[in-house]
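K.L.:
A predicted structure for the sequence below; I have some questions about it.
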Amino acid sequence: MEKKKFDFSGALAIVLAVLILLIFIPINMIFAYKDKVFDMTPSGQYTLSPITKQLLDDTADKKIDVYFLSQLNDLQEVPKYLPLYHTLTELEKRDNITLTCFDPNKDVDMAKSLDPTGTLSVNPADIFIKCGDVTKKVSFIRCFPTDSNDILMYEGEELIAGAIELCTSGSLPTVYFLTGYGSKTLADYSDYADAIKTDNYTVDELDLNSVEAVPSNTAIVYLVAPEKDISDSDYQKLKAYADNGGAISMILPPCETKGRFKNIEQLLAVFQLGMHYNTVTEKSPLLHPQIQAIAQVLPADITDENDPRLNEILEHFIKVSYPYPSSEATEDLTTDLNAKLQDADSGIYPYVSNTRSFFELTVSGEQIEKYSIIENLTLEQGSSSYTTVSTPMGGDDDTKEVAESLSNEPLIFGFYSYNKQTGAKLYLIGTDDALSNERWTYATTGTRMLTLFSNTWLYNSDIDMGIGAKSNSYDTLTFDDADDASRTIKLFFIIPAVFLIAGLAVWLKRRYA
C-alpha cells in the first residue's frame, strides 16, 4: 500500500509569512515611535561623524543654544531634508545643548533677540548657534548644495559643527578698519560694515599705533581712504602680518595730499603692485550711467538734464568690466558677480566713481598670483579706443608726468594679489564711494558687491572641520554600445528569469504529480 505523502510547503510558507509580519511590523512601529533609525546611507547622512562627536565631547562643559527657525516636523516630512533633522535631534540629546524651534514670522521677539542689530538677516529654516555672547548663523540653503552632476549633497553637519567650534572659542573673527590716516571713520562706512557682519564677522576700528602687532583674532585689515602715508612702524606691523599669511583690503581713492605715500607704496610692492597718483574721469556720455542710477548724490537743485553741473558729476562715473579669471588663475573673485550682472532684473550696475588706477610691478609668477578685477571699457567691444582721462592728483612731479600719460589708455581700477607661499592676500580698489554711506549709488552696486564678495575670499569665517559634504553614492554601468547593453541585460535578467520559470515549472509538475 502506497504511503500518503504530506506536503507542508504551503503551510510552512504561510507560517513563515505570518511570523515575519508579527516580528517586523511591531519592530518597525517601535522604532518609528522611538524615532530610531538604522543609517544605511553610504555617507552616514543620518548619524553624526566621529569628528562632530569628539567636538561635542570636548565642549560638553559649555552651554550651547541651537535655534532652528522652523519646526522639526517640517524637515521630517520631506525625505531630502531628513539629514538635517537627524543632525538637530542628535544635538538635542546632549545635556549641554538646548534646541529651540520656532517660526520667526510668528515669534518676532525671539527672532530679534538673535539678531538685535538686524545685520544677520533672519530667514525661515536658518540655524543659529549661540554660546555666551557669540552667535553664528548657518543659512539653510547652504546646508543642501548640489554637486557638478546636480546631485543634492548634505553639508549641514559640517557647517553646524564649524559654527559650534567657532562660538565655543569665545569670539568671531574680526575685520579691523585702521584709524589715524584720514578724516573718515568706521561710522562713515557703517552700512557696509553691517553688511560684513552678515557673514559672521565682528567689525571694529584699530589704531595700529596703540598695539605691538596686528591682533591675533584679525580676519581682515581694511585701510580705507588714507589722506596721509602710514608710519614706518605701522608699515612694519602690516608687513609682518602679511608675511604670516594675513589678509588686507586697501581702498585707496584719489587724494590731494602732496608728496608720495612711500610706505603704502612699499606695502603694495609686497604684493608686486603699484598705484598711480591720479583721478580718472570718463568723457564719453555713452559710458555714463543713467541719471536715476546716481540720484542719491545729485544736489537737490539739479532738475534740468542740461544743467552743466550734471555732466561734471557724470564724468566721475566710469562704466567698467569685471574680468573673468585667467585660465592660469587659481583664484576667482568675479564669476559670481558677472553672473548677477547678466540678469537684467538684478538691479546691479557696473560702474566705479571717483577712482584712481593701479599697475603691476611684475607679471604673475609661481609665488605671487595677481590679476585685474576692474578695468575701463572702450566704446565698442574689441576696439582699442578709450575715452577715460587721467588727471594728476597728489604725488610729486614724477607721478604727475606718469598720470598725464594715462589718458585714453587701458586702465586698471582694481587688483587681487595672492602669495601662494605665505597665504597672504590683498584686495585693492581705487574708490571708496561704493562703501560710503553718503556717496554710494545704484550705479556702483557692482563694485560694492565685488568688495563684499572679496571678504570671504580674503578670509572664510567658516571653520573647515573635515567632515565635508555627505551624499548618496550612485553605482553606474557603462556600455560600449547598444549590443553590449543587450548582452548584459540578458546575462543578468533574462537568463535568471528563464531558470526561475523553469524551476517553477518543475516544482509545479512535482507538486501535482
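P.N.:
Sure thing, it's come through. Numbering: from 1, shown residues only.

K.L.:
Check the chain and tell me which residue is nearest its centre.
P.N.:
What sits nearest the mean C-alpha location of the chain, by Cα atoms, centre = their mean, is Thr456, with 5.8 Å.

K.L.:
so it is in which element?
P.N.:
Element membership of Thr456, judged by DSSP states H and E, is helix 445-458.

K.L.:
returning to that earlier point: could you find the closest non-adjacent residue to the residue nearest to the centre of the chain?
P.N.:
Excluding the flanking residues, the one nearest Thr456 by Cβ to Cβ, 6 or more residues apart in numbering is Asp199, at 6.2 Å. The C-beta positions use only the backbone N, C-alpha and C, and glycine is treated the same way.

K.L.:
and the one you found, which of the three is it?
P.N.:
Using DSSP: H, G, I helix; E, B strand; the rest coil, the structure places Asp199 in coil.

K.L.:
Could you do Pro254 as well?
P.N.:
coil.

K.L.:
What about it, how many residues nearby?
P.N.:
Pro254: 21 surrounding residues under other Cβ atoms under 10 Å.

K.L.:
cool, the one 10 residues further on as well?
P.N.:
The burial count assigned to Ile264 is 20, neighbours taken as other Cβ under 10 Å.

K.L.:
separation between it and Gly468?
P.N.:
41 Å (Cβ to Cβ, to the nearest Å).

K.L.:
again with Leu84
P.N.:
Leu84 sits 16 Å away from Gly468, going by Cβ to Cβ.

K.L.:
can you pull the contacts of the closest residue to Gly395 other than its chain neighbours?
P.N.:
Using Cβ to Cβ, 6+ apart and skipping residues adjacent in sequence, the residue nearest Gly395 is Tyr277, 2.9 Å away. Applying Cβ atoms under 8 Å, 6 or more residues apart in numbering to Tyr277 gives the contacts 260, 356, 392-396, 399-400, 402-403.

K.L.:
Name the surrounding residues that touch the helix holding Thr456.
P.N.:
With Cβ under 8 Å, 6+ apart, helix 445-458 has contacts from 175, 192, 195-196, 199, 201, 219-220, 247-249, 251, 320, 322, 331, 333-334, 336-337, 340-341, 347-352, 373-374, 414, 416, 425, 427, 429, 431, 434-435, 440.

K.L.:
so which helix or strand takes in Asp65?
P.N.:
Using DSSP H and E, Asp65 sits within strand 64-68.

K.L.:
How about exporting that strand as CSV, limited to the C-alpha atoms?
P.N.:
C-alpha atoms of strand 64-68 as CSV (Å, rounded to 0.1, in the frame of the first residue of the first chain):
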residue,chain,number,x,y,z
ILE,A,64,25.2,75.9,23.7
ASP,A,65,21.9,77.1,22.3
VAL,A,66,20.8,75.9,18.9
TYR,A,67,17.9,77.7,17.2
PHE,A,68,16.1,76.2,14.2
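
K.L.:
Pull the most distant pair out of the contacts of Tyr277.
P.N.:
Maximum pairwise distance among the contacts of Tyr277 (Cβ to Cβ): 15.1 Å, between Arg356 and Asp396.

K.L.:
I'd like the distance between the residue nearest to Thr456 and Arg142.
P.N.:
From Asp199 to Arg142 the distance is 12 Å (Cβ to Cβ).

K.L.:
And for Tyr46?
P.N.:
For Tyr46, the distance to Arg142 equals 19 Å [Cβ to Cβ].

K.L.:
Between these two, which has more neighbouring residues?
P.N.:
Counting neighbours by other Cβ under 10 Å for Tyr46 and for Arg142 shows that Tyr46 has the greater number, 19 against 15.

K.L.:
Thr334 is in contact with Val320, isn't it?
P.N.:
No: using Cβ atoms under 8 Å, Thr334 makes no contact with Val320, being 11.2 Å away.

K.L.:
quick one, which of the two is more surrounded?
P.N.:
Neighbours were counted for Thr334 and for Val320 using other Cβ under 10 Å; Val320 has more, 26 against 23.

K.L.:
Just give the number of residues close to Pro323.
P.N.:
Pro323, neighbours per other Cβ under 10 Å, totals 17.

K.L.:
What residues does it make contact with?
P.N.:
Pro323 sits next to 334, 371-373, 375 when contact means Cβ under 8 Å, 6+ apart.

K.L.:
and Met240, what does it touch?
P.N.:
For the record, residue 240 is Ala, not Met. 213-214.

K.L.:
hmm, back to that, how close does the residue nearest to Thr456 get to Ala193?
P.N.:
Asp199 sits 11 Å away from Ala193, going by Cβ to Cβ.

K.L.:
same deal with Pro104?
P.N.:
24 Å.

K.L.:
Please say which of the two ends up with more neighbours.
P.N.:
Ala193 (22 against 19).

K.L.:
Pretty sure that one sits against Asp204.
P.N.:
No: with contact defined as Cβ under 8 Å, Ala193 does not count as touching Asp204 (9.1 Å).

K.L.:
list residues touching both of the two?
P.N.:
With contacts taken as Cβ under 8 Å, 6+ apart, the residues that reach both Ala193 and Asp204 are 175, 177, 186.

K.L.:
Between those, which sits nearest Asp74?
P.N.:
Among the shared contacts of Ala193 and Asp204, Val175 lies closest to Asp74 (Cβ to Cβ), at 34.6 Å.

K.L.:
Pull up the pairing partners for the helix or strand in which the closest one is found, direction included.
P.N.:
For Val175, the element it lies in under DSSP H and E is strand 174-178. In the sheet, strand 174-178 lines up against strand 202-206 (parallel), strand 218-224 (parallel) (DSSP bridges).

K.L.:
Output the ones you listed in TSV, with mean pLDDT and distance to Val270 appended to each entry.
P.N.:
Shown next, in TSV, are those (pLDDT from 0 to 100; distance: least, Cβ to Cβ, whole Å):
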stretch	mean pLDDT	distance to Val270
strand 202-206	95	19
strand 218-224	97	13
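
K.L.:
number of nearby residues for Gly446?
P.N.:
Residues lying near Gly446 (other Cβ under 10 Å) number 26.

K.L.:
Ignoring the adjacent residues along the chain, who's closest to it?
P.N.:
Nearest non-adjacent residue to Gly446, counting by Cβ to Cβ, 6+ apart: Pro350, 4.3 Å away.
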